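Enquirer: Next one to model:
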Amino acid sequence: MIFFAKGFIRIIMIFLITILVVWEIYWTVRACWLAAKNNDKGWFIFFLIFQLLGIPEMIYIYNKKQKKIEDNSNKS
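Expert: Predicted coordinates:
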């Protein structure tokens, strides 16, 4: 029974780590793409060097979307 519990915990941990890695890769790639598109070299390098579970990437993307919405509403 103890061996089963250890194996189950190991599987759960591998699954959680895999989910976190996929989450981080997704947000990093998305933010790097947006930073490159907007010619933000400093942010691009920051996103590649620092891996913080996608939090700075999400904030960057959110702020850029808000700025784009504001720019579009000011043009109208």
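Enquirer: what does the model give the residue minimising distance to the centre of the chain for pLDDT?
Expert: Note on the chain: the residue nearest the mean C-alpha position is residue 27, at 2.3 Å, using Cα atoms, centre = their mean. Model confidence at residue 27, given as pLDDT, is 91.
Enquirer: Am I right that it is in contact with residue 58?
Expert: Yes - counting by Cβ atoms under 8 Å, residue 27 touches residue 58, with 6.1 Å between them. No exception for glycine: its C-beta is placed from N, CA and C like everyone else's.
Enquirer: Any buried residues in the helix ranked longest in the chain, and which?
Expert: Counting by DSSP state H, the longest helix found in the chain is helix 2-37. If you call a residue buried by 16 or more other Cβ atoms under 10 Å, then helix 2-37 has these buried ones: 24, 27, 28, 30, 31, 32, 34, 35.
Enquirer: residues in contact with the residue nearest to residue 44 when sequence neighbours are not counted?
Expert: For residue 44, ignoring the flanking residues on the chain, the nearest one in space by Cβ to Cβ, 6 or more residues apart in numbering is residue 35 at 4.1 Å. Residue 35 makes contact with 41, 43, 44, 47, 60, according to Cβ atoms under 8 Å, 6 or more residues apart in numbering.
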